[in-house]
Structure formats: structure tokens, C-alpha cells
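> Okay, predicted coordinates and the sequence, questions at the end:
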Amino acid sequence: MKTQRRDFIRSLSAGTGMFFMDPITIYDREAEQKAFEINKDVYKKKKLETDFLIAGGGMSGVCAAIAAARNGSKVVLIHNRSRLGGNASSEIRMHISGASALQQVWRETGILEELVLTEAVENPQRSYEMWDFVIYNKVVSEENITLLLDTTFYDLEVAGDEIKTITAICSQTEELFEIKAKFFADCTGDGTLGARAGADFMRGREATSQWGESLAVEKADLNTMGNSLLFTSSKHDKKMPYTPPSWARKYTTKDFVHRKITQWEYGYWWLELGGLEDIVGDGQKIRHDLLATLFGVWDYIKNSGNHPESENWALSWVGMIPGKRESRRLTGDYIMKQDDIQNPKMFPDRVAYGGWPLDDHPPEGMNSTGIAPFRSIKLAGPYSIPFRSLYSKNIKNLLMAGRNVSVSHVALSSTRVMATCAAMGQAMGTAVAYCNKNNILPSTLGNQEQHISKLQQLLLRQDQSLLGVQNQDEKDLAKSAKTTASSSTKDGAAANVIDGINRNIKDGKTHQWQAEMKNGEAWIELQWDKPARMNHIQLSFDTGLNRFLRISPEDSVYKNQVRGPQTETVSDYTIEIKSKGKPPKTIKIQNNFLRLARHDFEATEADSIRITIQKTHGDPLAKIFEVRCYLD
């Protein structure tokens, strides 16, 4: 007869002197049986409630989520892919472009700058998948963000002119989410959430007669810019023959008169189709047509005989998700137009800026290789973007950021690029947190100077540079301090760190303190006539804003980049917070590579603070754009 489990344990205890609790107290057969029951609850329903729901985890949605979370709002970010970044992710691999195209000092800062500086340091191998992880890590490290990947919005509840809840599905975990929020953001790119909610939107190309845009078409239509599908290739130590699929398109030399093939490690933005079709509804067909185009172009490169140097090259990655340029554009209180781009005005509610050319693409794309694949008109300088273009005019708690904001087709040809979209995202997310704290609607914020000026100062504090707006933050204790330094260059006076401008704009001045590193260090000191109570100090460093800074599969893109910490940036420094009769509080930092460095500490009275620079990442000068001090 078999020994029963309970008798066995008791005999073992008696024979060895070991002590065992009665199995009845540690073993529950009914609980064990339940644990092994099959869960038959497919697509379980879960309810969430939050301050802010963001649909879409591209660069605009990511920056919006981080901004809102850091400003105190609870955020749920849903994204229909397993990787954040949208067009910038490893699934699509578009360059993050923006105002750097001006080749001035207008690289977008704030959260995007934090992301790209981090990627340049943590991803020397230039792996697109590691860039995905940099974004992911930033998002999940914010305690106020609930991230739901592989989660698609598909329905919502609207009461009057306000969204109440959205419903989303996660296929990976078989969950249905019902999410209630105070504010909603459409960062889907396609304006899907807004369209479903009944928000007014535009689509296609407007006629010149509508707004007097000289670059518009004569007669309005529903055509758009198309989608692109990218590829990468690698060189091998032997010949790599290629046979295209039977359905690949065939191309000849005449097809590339307007589309130059000078390299093939990364290609090509002009592999573009879909502008004559429904860019959303015909998406499956457009993707297949783009694959047929891509393989046809690769067949031409490999087998036409016109590029014999490609014989050792082979495809290493082919995109399966087209990068989109244009779809619906939700209508806000203001619609940006061509004149706002070419003859920029200082909108009173400006919260971001752009600088990419007016870069329009014909809807025919590769279906008409006899015409140029783009029309690009360079800009003289950056232009401002108003907050009134970032919220819906008829759904009162709906905002938007990205390529679906309130702009004409012509204006979209500039505003659509991802660095500009990221800046709009940070502005929109910060604005939502402001609305949440002050219990106001986006339209109130956008149309009342008393609120918009406070939002602008908050954005500046968080390194979102704005055209023509200087630091006038009444809470910034540094503004009332006197400055001294170990030394200064002719143009880099110590007082520049409190002049309210944190980049070298074109006004003939250097808006940073600069000093030679004598004896291996340099210092700057802020002093107050009366002790200032503070618990936060932040510094803005030089990160070479005149350069491009982006990940790319293409080697040539890196010729004017610095991979790793930027040369101008301060690496090692010490902050001493001094109060008479007390030993100084000291903060020591090594290996900094960020532009905006924040330091929180226990509130203390300070007669002065001294910042001593011990090391840069290669620049012979110590440089600081701005010093701010707060009691938060």
C-alpha cells in the first residue's frame, strides 16, 4: 500500500528530529486545484482612470507623456506597437529631422534633446533596437506613466462636446481597457481618435483660393503625400547575388533621373506611394506596392549593371511598416498656413517652433518617376507654433500633437517632421498638466494671456526654447543674484547665466559664461544680499546646438555628429551651497552629458552658490548657458 503524503511527512519528522508544521496549515488542496484551472476569460475587461490619456507612442506622444508626468499629471500612454518611437523606431527607421536643417542654433531641446543625447552616449554601436530601448526606459522610469504597448484604441464615449472614456484592446494580453480621463490627446498621426470623437478635421490639399497660399494647388483634392518603406544593406566579403520576387516592379535607368542612387546602405525616402489612394483605408495595398517598389529598386541596383560596386552588398533589413507623412489634420482654434512658415509671426500663444523647409511631395510618388520626388523651399529662420493649433476647436478636452495638428497641407510640409512633432508634444503635455492643476480647458489656456505666459515660462524652465521669450520666472531666485567668476572670456561674462537666454541666438551676444580651465578648473558664483531659501538648482550646458544629432543607418550622416558626450558639454563639476556659519552643502557630479542638469536637495538658506567645473568632454573652455535656483 502506498504511503500517504501526510503520514510520510509525519514519519520523516519523527525519525529525523526535524520539525514540520502540520501539512494542513501549509497545504490547501482546493487552492491548488483552482490554481491549475484553465482561465476561460478571454479579453478580460479592465477599467482605468487617469488625468490624461494619450493615444500614440511616436515622438510626439512620448514627449507629451513625459512632460505631463513630470509636471504632476497621471498619464496612460497607449501605443499599438511593441516599440515606442513611431516613424523613428527600429520598425520604420526614419531620421528625426527638424530645425537643425537651418544649420543655426535651433536644434530642438527639452525632452527630445535629453533622448538624443542619451542615445548618443548609451548606443555607440548605433543599434536602432537600442534607440527603442532608450525611449522605453525614459517612459517606464516615470512613475506617473502607465504604458500599455500593443494596445489599440478602437472606440470611445462622447457626451456633448467632451470625451468621457475610450476603449482599447491589447491583443498580446487579451485585455480590453476602458479608460476614463479628464483630457485626451490624439498622437496617432492619422487623427484616428479625433475623427472617432467627431472632431472637425481636414484632409487632402486645399486650393490656393482658400487661404491665398501660393504653393497650394489650383483645385482642392483629397490627395496627400505618400508613405515610404525603408531598407538597409550590408557589405560582405564575397559576391551576394540577388533574385527579386516575381511581383517586384521593374525599373530602368530613366526612372532614376530625379532619384539619385549614390549609396545603398540605407534607402530611400523617395520610395514613396499612396498619395493618390486612401492613405489609411488602402494601407494593406500600399504596403505591398511599396515592397514591390523596394525590391524592384534593389533589383535595379544589383542587376542593371549600372552599379557594379554593389556586387558584395545584400539587404540586411526591410521595413514592413510604412512611414507616413500625411493623413487627417484635426482643426484647432487656429490653422497654420504657408505665410506663418515663410513670414513667421510671434504668436502670443507660441509654445514650440519649427524650421524644416516647406518640403512637399507629389502624391504620385514612384508611380510617376518622370517628375521630381519633392519640392523643397528653404527657410531663413525658425517659425513659432501656437498652442491654439494643438487642441480641437469643437471637442473641448481633446488635444493633438504630431503631423495631425491644425495646419494646412502646405504648412504640414514643414511641421510634419519628428523633431518639430516632439516639441509640439512636450508643449501639449505640459499644457495639459497646467490645465489639470488650474482646472481650466485648453481653449481657456490658449486664449488668455495670463495663463499662456505662465505656460511659456514653465516650458522655458524645462528647456523647451521659445522664439523671443526670455526667462522672466518670478520664482527663479538666481535672477536676483550677483555673479562673479574665477575668470571669463571677452564675450562670456559671468552675468550671462542670468540674462534669460539659454542658447546663442543671432543677436551679436554670447549668452553663456565661458572661462579658461586654469589649473584644471574654473568657477562661477551667485551671491544674494539676503539669504535665499532653495531646494532646487538647475544648470543648462552647451551641447553644440548648431549640429545635427540623430541615429541613422547611413554612415555619411555621422560626419558632422559627435557620437558620445558632446565636446562642449561640462562633464565633472561641484556645486557648493554656502550659508554663513555653516559648512557648505556639496553636490558632486561626474560624467554628465545632458544639457539640462537638475539637482534637488533638502531646503536650505543660501548666501551664495559656487559651481566649479573640473572637466569638460574636450572643450578647452568651461561653458554654462544658464543657472536657475528655486524653492519648490
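On my side now, so go ahead.
> can you pull the contacts of the residue nearest to Asp200 when sequence neighbours are not counted?
Once flanking residues are discounted, Asp200 sits nearest to Thr331: 4.1 Å by Cβ to Cβ, 6 or more residues apart in numbering. No exception for glycine: its C-beta is placed from N, CA and C like everyone else's. Contact partners of Thr331, counting by Cβ atoms under 8 Å, 6 or more residues apart in numbering, are 199-202, 392-394, 406.
> any idea how far Glu178 is from Thr331?
Thr331 sits 28 Å away from Glu178, going by Cβ to Cβ, to the nearest Å.
> go on, Ser465?
Separation of Ser465 from Glu178 (Cβ to Cβ) stands at 39 Å.
> More neighbours: which of those two?
More crowded of Ser465 and Glu178, by other Cβ atoms under 10 Å: Ser465, with 25 against 16.
> roughly how far apart are the closest residue to that one other than its chain neighbours and Glu37?
The spatially closest residue to Ser465, leaving aside those adjacent along the chain, is Thr109, at 5.4 Å (Cβ to Cβ, 6+ apart). Using Cβ to Cβ, Thr109 is found at 54 Å from Glu37.
> Figure out how far the longest strand anywhere in the chain is from the centre of its chain.
Scanning the chain for the longest strand, with DSSP state E as the assignment, gives strand 596-616. Relative to the centre of its chain, strand 596-616 is centred 29 Å away, using Cα atoms, centre = their mean, to the nearest Å.
> Also stretch 427-444?
Distance of stretch 427-444 from its chain centroid, counting by Cα atoms, centre = their mean, is 19 Å.
> Give me the buried stretch members for that stretch, please.
427-436, 442-443 (16 or more other Cβ atoms under 10 Å).
> same deal with stretch 394-412?
In stretch 394-412, counting by 16+ other Cβ under 10 Å, buried: 395-412.
> Am I right that Leu48 is in contact with Thr146?
Yes: with contact defined as Cβ atoms under 8 Å, Leu48 reaches Thr146; the gap is 7.0 Å.
> overlap in contacts of the two?
Contacts common to Leu48 and Thr146, judged by Cβ under 8 Å, 6+ apart, are Val76.
> quick revisit: what about the longest strand of the chain, average pLDDT?
Throughout strand 596-616, pLDDT has a mean value of 97.
> cool, and stretch 244-254?
98.
> so how far is that stretch from its chain's centroid?
Per Cα atoms, centre = their mean, the centroid offset for stretch 244-254 relative to its chain is 37 Å.
> just for the stretch 251-400 of the chain, where's the confidence low?
Within the stretch 251-400 of the chain, no range satisfies pLDDT under 70.
> those strands in it, which residues are they?
Along the stretch 251-400 of the chain, counting by DSSP state E, counting those that start in this stretch, strands occupy 266-267, 272-273, 313-318, 329-330, 350-354, 358-360, 375-377, 383-386, 398-400.
> Any idea which of the ones you listed gets closest to Val121?
Closest approach to Val121 among those (Cβ to Cβ): strand 266-267, 22.4 Å.
> how far is the closest one from where the chain is centred?
Worked out by Cα atoms, centre = their mean, strand 266-267 lies 23 Å from the chain centre.
> Could I have the CA atoms of the longest strand of the chain written out in PDB?
What follows is strand 596-616, C-alpha atoms only, in PDB (Å, rounded to 0.1, in the frame of the first residue of the first chain):
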ATOM      1  CA  LEU A 596      19.700  70.300 -18.600                       C
ATOM      2  CA  ALA A 597      21.000  69.100 -15.200                       C
ATOM      3  CA  ARG A 598      18.600  69.300 -12.300                       C
ATOM      4  CA  HIS A 599      19.600  69.000  -8.600                       C
ATOM      5  CA  ASP A 600      17.100  68.600  -5.800                       C
ATOM      6  CA  PHE A 601      18.100  68.800  -2.100                       C
ATOM      7  CA  GLU A 602      16.700  69.500   1.300                       C
ATOM      8  CA  ALA A 603      15.600  73.100   1.600                       C
ATOM      9  CA  THR A 604      18.300  75.400   2.900                       C
ATOM     10  CA  GLU A 605      19.300  79.000   3.300                       C
ATOM     11  CA  ALA A 606      22.000  80.100   0.900                       C
ATOM     12  CA  ASP A 607      24.100  83.200   0.900                       C
ATOM     13  CA  SER A 608      25.800  82.000  -2.300                       C
ATOM     14  CA  ILE A 609      26.300  79.000  -4.500                       C
ATOM     15  CA  ARG A 610      29.600  78.200  -6.300                       C
ATOM     16  CA  ILE A 611      29.700  76.000  -9.300                       C
ATOM     17  CA  THR A 612      33.200  74.600 -10.000                       C
ATOM     18  CA  ILE A 613      33.900  73.000 -13.300                       C
ATOM     19  CA  GLN A 614      36.700  70.300 -13.200                       C
ATOM     20  CA  LYS A 615      36.300  68.800 -16.600                       C
ATOM     21  CA  THR A 616      34.600  69.100 -20.000                       C
END
